[in-house]
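Undergrad: Provided below for reference: sequence and predicted model.
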Amino acid sequence: MTKGSVRFEGVTKHFDDVVALKPLDLDIAPGTLVTLLGPSGCGKTTTLRLVAGLEPPTSGRIFIGGEDVTHLSATYRKVSMVFQSYALFPHMTVAENVGYGLTVKRMPKSEVRPRVEEGLAMVGLEGFGDRLPSELSGGQQQRVAVARAIVLEPEVLLLDEPLSNLDAKLRRHVREEIREIQQRLKLTAIYVTHDQEEAMAVSDRIIVMKNAEIAQEGTPADLYERPNSAFIADFIGDANLLPVDVTRAGETVDIVVDGRQMALPTAFATTGQANLVLRPHQLRLTREAAADTLPAEVSYAAYLGNQVQYTLTTALGEIFAVTVPDANPFQKGDRVHIGFDPAAARIVSV
Amino acid sequence: MKRIAVFWLVVGVIGWALLPWYLTEGGFWRFGWLADMSGTNISALGAALTGKPWLWLPALGFVGAALSLGLARSQLATARGLFASGTAGLALLMGQALLIGTRYGVWEAENPGIGAGAFVTAAALLFIATTGISGLGKGRGDAFVTGLVGAIVALVAIFVFFPLTFILVRAFELKGGGGLGFGEFLPRFLSSNIWGIGCITGGGSCGPAINSFLLGLSTAAGTTIMGLMFALIFTRTDFRAKKLLRVLTVLPIITPPFVIGLALILLFGRAGTITEFFSWAFGWEKTRWLYGFHGVWLAQMLSFTPIAFLVLIGVVEGVSPSMEEASQTLDANRWQTFRYVSFPLMRPGLANAFLLGFIESIADFGNPLVLGGNFNVLSTEIYFAIVGTIADPAQAAILSITLLTFTLTAFLAQRFWVGKKNYATVTGKADSGRHAALNPVLRWTAYLLALPWAFFTMVLYALIIFGSFVKLWGYDHTFTFEHYLRGFKIVVRNGVHFTGAAWDSYFTTLTISAIAAPLTAAVGLATAYLLVRQKFTGKDAFEFSTMLSFAIPGTVIGVAYIMAFNFPPIELTGTGLILIIVFIFRNMPVGVRGGIAAMSQLDRSLDEASIMLGANSATTLRRVILPLMGPAILAALTYSFVRAITSVSAVIFLVSARHNMATSFIVGRVENGEYGIAIAYASVLIVTMLTVIIAMQLVIGRRTLRRADRIEAH
C-alpha cells in the first residue's frame, strides 16, 4: 500500500557551514512523477541524493515505502537513479551495463539475459546489447541509462537532469518516453530539473525549491495559475510584476495601480503593497487609449515567426509582451497602450 | 555489519588459538609448524597455558566482541561493543608485545618476535574495531571503507612512524641507561662536527649539515633552471628532436643512483678520458677535483635535472594558451607576454621544482658515496656512523634528525606554502589555442644551456655501456667480455649453473622487486581511492601521513628500520620481508599520486551509479574502478618495480648475506675500485629495466588505444 512512497520528516543537510537543505517535510505518493524544480544551488539535487542514500542527512528521517531508511546505505535501498552524465560503464557493453545491478545481486546468467532484453525492449533498443556505450548516440545512451535503472524494478526511480546533455529537439521526444514508461510501470519517480517547461510537461506535481527550502508545490496548473509569490510567478512562465497597492483584500480585491482604482476577481489575503502578475501573452497592445490602459513606448521589437516580442517602457517600469504576428506590427519608438483582462490577473506578495 | 564481525571473530580466534604466535624456525610457509605445534611453533593459547599467561590478554578482545554480538540489543550497542573490544584487544596485544621481555620492557620474560598467529590476531582485532566504527555510521556505514582506512593507518603507523620513534629515542638516550633527556642530545646535535662553517669563514671544512644544505641549494637552483630551459624548449619552440628530449625524462627512473657518478669518474677522474686529454695536450696536472663538492654537484645536476624537467613540463604546459593569446591581442610582444603573464603563472611551479630538487639532493646517497671524497654530507655520514669502524648509533640518530628536519621543512613548505599558491589553469576542458613562442633571446639561451647538457648526458650513458666492455678504463682499453663473465657467467654442464658473482643478488633483486611492486601499487591505489572517493574524519591527517614518507630520506628510513626491527616484538632484520616492506612504504607516495591523478579523471557518478544499482563499495572498486584504471595500475606497477631495483639508500642498511640486492653489490664493487664489473652490472640493470618499461608501455599503449576517449562517463 505504501510501496513506492517517499517521505521526509524534518530532514536537513549541512555541508560544513553551508546549509544545503533547511528542515524539509515531503510526502510523495506512490506512482506519481514529482519534479524538484529550482535554480542551481537551491537544494534540489541534494534532496535527490538524500533519497538515493548517496548523502546522509544531517538530521531528520527518511522513509521509503513506509520503511525508515535514514541509516540504510544506497546499496540496499530499492531506489534506482538515472544520472545527468548517464554514468554508463565505458568498459562494459550495453547488455552488461543493463544487467549490472542484477549480476551484482548474484542472479544467475540465465535469468539476467531475458530481463536485460526486456529492459532494452522497453526503451526501444532491442539488438543493441553487444555495443559499447561509446558506439551509441547521446539519446541512445540516455535510454540505456533508463533501462539500467528500471530492470531492477525499483520502488522509486530518480532522474537527475536526465535531458540536459541532449539537444533541444531530442529532449521533447525523450521526456515523453520517460513519462510513458513511468506511467506504464506505475513507478514513483522523482525528477530534478532547472527547466520549468520540462517540469510542466512531465510532472504530476512540481516542488519548486529556492534557498534550500520549498517555495511552492502543486500541480503544474496550480503553480502557473495560482503562484504564491513573485518568485514563483516569475520562475514558472514569464511574468511582468507591477507594484500595486491593495486597498481591499478578500475573495475579490480592489487595487490601485498607477493612481487608478481597479477591481480584480482574484483572491488575496492582505492589504498594502503587492505585485500584480501579468503574463506577457495576456497583454493587449493597441494604438488608441481605452479605459484602464497604460500608455507605453516600444523600446525593442523582435519578430520570431510564430510570435512578436516587445519590450515596452512605461511609467511603472519595463513590461514584456508577446503577441501573435499581424500585418501591421509595431515598430521601435511607437506609442502604444497596454490593456489586460482583469479575470486573468493575479496578485502576489512582494 | 554482524556477518563481517563474525567472520573476523572466527579468523581471529583461529589465529590466536591455532597458528604459531611467535616467529617460527624455518618460516611460516614451509608449514613445518603443522606437524609440530610445540616449541617455537606454539600458538598463543598453548603458550598461555604453559607459563606465558599474558597471552590471554588479546583474547579478551574476542570475548568482548562475542558478547557484543550475542547480547547487545540494538545495532548501535553492538557497534559500540565491537569498537570497544576490538581496540581494547589491540591495545592489550601491543602492550604485552612492547612491554614484556623487550629492552624497553617492564618485566623480564621470554617473549620473542611475533609471527603469523599474532599478525592474524592483530588484523582480526583491527577489523572488528573498524567494523564497529562503520556500525556507528562513520564512512557512510561501509565496513569495507572503514576497514581499508584502518588497515592503511595501521600499516603506516607500524612501518613509518613506529621506526622513526626509535631514532628519537636513540638520539635522546642518556649514557648508561639513564633514561631519556637533552643532556646527551643537545651538545652533540649542536656540535661543530655537524654545523661547522669552516669552509665559509676559511678555517677548514664545513660540517655535514652545512655541506648538505649548501649542496641542496646549489643543486635545486641548478636543476630548476635547467629543467625550465628543457621544458621551454619542449613546449614553446618547434625544436625537431623533442622525442629525444622525452627519453631524458625516462633516464633517471632507470638509472641506479651511483651510475652517473661512475660515468663522471670515467671522464673526469684521475684516469678519466678528459683528464688524460688535457694532461696530454696542455700538460695540466691530473687532480682529484671531481671528488668533493663539484663532483657531487655535477652528478646530482645530471641525475635530477630530468626530474625537474618532468615537473616543469606540467607547469609550463599548465599555463593556459588562451591567457597568452589574450596578452598578445592586448598588443604585448613575446617577451612582455612571457615576463608579465606566463612567468608569474609558472612561479609556484618553479618553487615546487626547487623544493623537490632540494629534498632529492640532500636525501641523495649514491652520488656523495661515490664522489664525496672528504666532502661529508648527512646521508653518507649516517651510513658511516652505522657501518664505519666505530659504530655509533646515537650519532646516526642525531644526524638523521638533522637530515629529517631539512627535508620535512622543505616538504612542509612545498605543501602549505607553494601548494596553496597554485594557479593551475588546467581545467580538464579542451583548451584550444597555441602557446606563445619564445622571444629569440630566451630561445637561444634555452638552446645554448640545454642542448649541450642533453648531449653531455647522452655521452655519459654511452660511456657506461662502452666502459663495461674495456679491460681497465684509462689504462688498458682492449675490448673484453671479462666483466660480464665475472658477473653473469652461465655454465652448462650437467644442467645450467649460474656461476657469475652477480647472479645471486640479481635474482634476489628481481624477486623482491616483483613481490614489492604489486603490493606497493595496491597500497598506493587503495590510499588514492580513499582520498579521492571517500569522506571520513581525519582525512587531511591521513593524506599527510601517507605522503610523509616521501620526505623521509632513505638513509633515515634504513637506520630507523634496523633500530626498530632488530629485536622483538617485530624482528625482521636479515629477512627478505623487511626489504619488501621498505620498498612498499618508500614508494607508496608515487602510487598514491598516480592513483589520485587517474582516479580524479573518472567521473564520480560512475561509482555512484554502481552503488545505486546495488553493488557495495568493494564490488564497485573491483568491477568499475579498477578495470577503468588499467593503465594507471600498470604504470604504478612498473614504477614501483623499477624504483625497487634502483633503490640503494635504505636498502644498504637492510641487506643480508642471504638477501643481497644488486645496488648494494655494486656499491661494494665500487668501494673496492672494481669499476668494470660495477659498470657492467649497472648496464645489465638498465637493460633489464628498459625491457620491463618498454614491455609495459606496449601493453598500456594497446589498452589506451582500445579505450580511446572512453575515460568519461557516457
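TA: Received it, and whenever you're ready, just let me know what you need.
Undergrad: for the closest residue to chain B within the stretch 201-350 of chain A, which non-adjacent residue is spatially closest?
TA: Closest to chain B within the stretch 201-350 of chain A is residue A:212: 20.3 Å, counting by Cβ to the nearest Cβ. No exception for glycine: its C-beta is placed from N, CA and C like everyone else's. Leaving aside its sequence neighbours, residue A:212 sits nearest to residue A:43 (Cβ to Cβ, 6 or more residues apart in numbering or on different chains; 4.2 Å).
Undergrad: just residue B:533 next, same as before
TA: Computed as Cβ to Cβ, 6+ apart, the closest residue to residue B:533 that is not its neighbour in sequence is residue B:607, at 6.2 Å.
Undergrad: counting neighbours, what do you get for that neighbour?
TA: Using other Cβ atoms under 10 Å in any protein chain shown, residue B:607 has 23 other residues around it.
Undergrad: what's the helix or strand hosting it packed up against?
TA: When elements are defined using DSSP states H and E, residue B:607 is found to belong to helix B:604-612. Using 3 or more Cβ pairs under 8 Å, 6 or more residues apart in numbering or on different chains; DSSP states H and E as the contact test, the elements touching helix B:604-612 are strand A:79-82, helix B:617-620.
Undergrad: and residue B:603, how many residues sit next to it?
TA: Burial of residue B:603, expressed as a neighbour count using other Cβ under 10 Å, amounts to 19.
Undergrad: now for the residue nearest to residue B:533: which residues touch it?
TA: The contact partners of residue B:607, taken as Cβ atoms under 8 Å, 6 or more residues apart in numbering or on different chains, are B:533, B:617, B:620, B:624, B:625.
Undergrad: out of the residues you listed, who's nearest residue B:275?
TA: residue B:625 (56.1 Å; Cβ to Cβ).
Undergrad: the closest one reaches residue B:529, doesn't it?
TA: Yes. Under the criterion of Cβ atoms under 8 Å, residue B:625 is in contact with residue B:529, at a separation of 6.9 Å.
Undergrad: residues contacting the closest residue to chain B within the stretch 151-300 of chain A?
TA: Of all residues in the stretch 151-300 of chain A, the one sitting closest to chain B is residue A:152 (6.6 Å; Cβ to the nearest Cβ). When contacts are counted by Cβ under 8 Å, 6+ apart, residue A:152 touches A:78, A:80, A:101, A:102, B:613, B:614.
Undergrad: the last one - how many residues pack around it?
TA: This means residue B:614. Here the neighbour count serves as a burial measure; for residue B:614 (other Cβ under 10 Å) it reads 22.
Undergrad: doesn't residue A:99 make contact with it?
TA: No. Residue B:614 lies out of contact with residue A:99 (Cβ under 8 Å); the separation is 11.9 Å.
Undergrad: give me the domain ranges for chain B.
TA: Each domain of chain B is listed here as a residue range: B:1-136, B:207-426+B:438-465, B:468-714, per automatic domain parsing.
Undergrad: can you lay out those as CSV showing mean pLDDT and distance to residue A:315?
TA: Formatted as CSV, the entries for these read as follows, by pLDDT from 0 to 100; distance: least, Cβ to Cβ, whole Å:
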stretch, mean pLDDT, distance to residue A:315
domain B:1-136, 84, 65
domain B:207-426+B:438-465, 84, 44
domain B:468-714, 83, 51
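Undergrad: dump these to TSV, plus distance to residue A:163.
TA: What follows is the domains of chain B, written out as TSV (distance: least, Cβ to Cβ, whole Å):
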stretch	distance to residue A:163
domain B:1-136	37
domain B:207-426+B:438-465	30
domain B:468-714	16
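Undergrad: just the strands in the stretch 1-150 of chain A please.
TA: Residue ranges of the strands in the stretch 1-150 of chain A, as given by DSSP state E, counting those that start in this stretch, are A:6-15, A:18-28, A:33-37, A:59-64, A:67-68, A:79-82.
Undergrad: can you tell me which of those strands is most buried?
TA: Ranked by mean neighbour count under mean count of other Cβ atoms under 10 Å in any protein chain shown, these are led by strand A:79-82, which reaches a mean of 28.
Undergrad: quick one: list the elements packing against that one.
TA: Using 3+ Cβ pairs under 8 Å, 6+ apart as the test, strand A:79-82 ends up in contact with helix A:44-52, helix A:138-150, strand A:156-160, helix B:604-612.
Undergrad: for it, which outside residues touch it?
TA: Outside of strand A:79-82, the residues within contact range by Cβ under 8 Å, 6+ apart are A:48, A:51-53, A:64, A:101, A:142, A:145-146, A:148-150, A:152, A:154-160, A:162, B:608-609, B:612-613.
Undergrad: what about stretch B:29-48, start to end distance?
TA: The first and last residues of stretch B:29-48 sit 24 Å apart, counting by Cα to Cα, to the nearest Å.
Undergrad: nearest to chain A: which residue in the stretch 401-550 of chain B?
TA: Going by Cβ to the nearest Cβ, chain A is nearest to residue B:535 of the stretch 401-550 of chain B, at 9.7 Å.
Undergrad: how many neighbouring residues does that residue have?
TA: Residues contacting residue B:535 under the criterion other Cβ under 10 Å number 12.
Undergrad: how much space separates it from residue A:59?
TA: In this structure, residue B:535 and residue A:59 are 18 Å apart, going by Cβ to Cβ, to the nearest Å.
Undergrad: now the helices for the stretch 201-350 of chain A?
TA: A:220-225, A:230-235 (DSSP state H, counting those that start in this stretch).
Undergrad: same question, the stretch 501-650 of chain B
TA: In chain order, the stretch 501-650 of chain B shows helices spanning B:503-533, B:539-548, B:554-564, B:576-600, B:604-612, B:617-620, B:626-628, B:630-646, with DSSP H, counting those that start in this stretch as the criterion.
Undergrad: lovely, talk soon.
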